[in-house]
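K.L.:
Just a sequence and a predicted model for now, questions to come.
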Amino acid sequence: MLLLAACCAAAAGRGVRAEDGAPAPDQAPDATPIAVGAQAPDFMLKTLNPEQSGMPVFSTKATIGSRAKVPAKALVLSFAASWCKPCRKELPELQRLEQTRLREHGIATALVLLDREPEPIEEMRAWLVDELGVTMPVLSDRLGIVGRRYGAHELPMLVVIAPGGVVRFVKVGYEDSGLNALVKALAEVAGLPPAEPEKGPRKHPHPK
């Protein structure tokens, strides 16, 4: 199978750099996103929504790796933060996509927050879980370890991992066209079928 080319911020609208809103001193200024074709680093993080997601701890190995009882067809990682304005546009779209199409087709999704301080972390948890009703695992990367390993230096950033742990798609930045590139990638990686056309309101014949 051919590896999908990475979509970068330069081609699809700039992402927001970490230092624009929250300095990341442990990340090099020239940090680049993880490369398509690379082995995705395994990680384990506590969830901020254990009741809604059904899991107190999220693990890549238990989702798509060697410890998964039923491995997902693909894993979508979304890196975001409270200071990332484009993330506020992308995350509701990702939530709708996850609930209406990804989950039912065996594609797992997890959201990794890069905020460091308790107040913005709680702000994001309240917005995502209480307001938007997010049920995918919401993870807090307070130490920045996962973000650093994946090169999440500009946000929002999406990563698709195939079974076996190979990165198949990377996209940095937000596009007005929404998540079309992600959907196209998942169609190739995980066989995501096209969306069913929306059915309009049923027309009732006028009485004679």
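P.N.:
Everything's here; your move.
K.L.:
For this protein, which segments are assigned as strands?
P.N.:
Taking DSSP state E, the strands of the chain run over residues 16-17, 44-46, 57-59, 74-80, 107-113, 138-140, 154-155, 157-161, 167-172.
K.L.:
need the contact list for the most centrally placed residue in the chain.
P.N.:
Per Cα atoms, centre = their mean, the C-alpha nearest to the average position across the chain is that of residue 78, at 2.2 Å. By Cβ atoms under 8 Å, 6 or more residues apart in numbering, residue 78 lies in contact with 90-91, 94, 109-112, 156-158. Where C-beta positions appear, they are placed from N, C-alpha and C, glycine not excepted.
K.L.:
what's the closest non-adjacent residue to it?
P.N.:
residue 111 (4.8 Å; Cβ to Cβ, 6 or more residues apart in numbering).
K.L.:
Check the gap between that neighbour and residue 66 for me.
P.N.:
Distance check for residue 111 against residue 66: by Cβ to Cβ, to the nearest Å, it reads 23 Å.
K.L.:
Now do residue 96: how many residues are near it, please.
P.N.:
14 (other Cβ atoms under 10 Å).
K.L.:
which non-adjacent residue is nearest residue 76?
P.N.:
Computed as Cβ to Cβ, 6+ apart, the closest residue to residue 76 that is not its neighbour in sequence is residue 109, at 4.5 Å.
K.L.:
Point out where the chain drops to low pLDDT.
P.N.:
The chain contains residues with pLDDT under 70 at 1-30, 197-208.
K.L.:
Distance to residue 124 added to the strands of the chain, as TSV?
P.N.:
TSV is the format used below for these (distance: least, Cβ to Cβ, whole Å):
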stretch	distance to residue 124
strand 16-17	15
strand 44-46	14
strand 57-59	16
strand 74-80	8
strand 107-113	5
strand 138-140	8
strand 154-155	12
strand 157-161	16
strand 167-172	19
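K.L.:
Looking at the ones you listed, which is nearest to residue 36?
P.N.:
strand 167-172 (5.6 Å; Cβ to Cβ).
K.L.:
With only the CA atoms kept, save that closest one in PDB.
P.N.:
The C-alpha trace of strand 167-172 is given here as PDB (Å, rounded to 0.1, in the frame of the first residue of the first chain):
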ATOM      1  CA  VAL A 167       2.000   6.800  10.600                       C
ATOM      2  CA  ARG A 168       0.000   7.100   7.400                       C
ATOM      3  CA  PHE A 169      -1.200  10.700   7.500                       C
ATOM      4  CA  VAL A 170      -0.100  14.000   9.100                       C
ATOM      5  CA  LYS A 171      -1.800  17.400   8.700                       C
ATOM      6  CA  VAL A 172      -0.900  20.600  10.400                       C
END
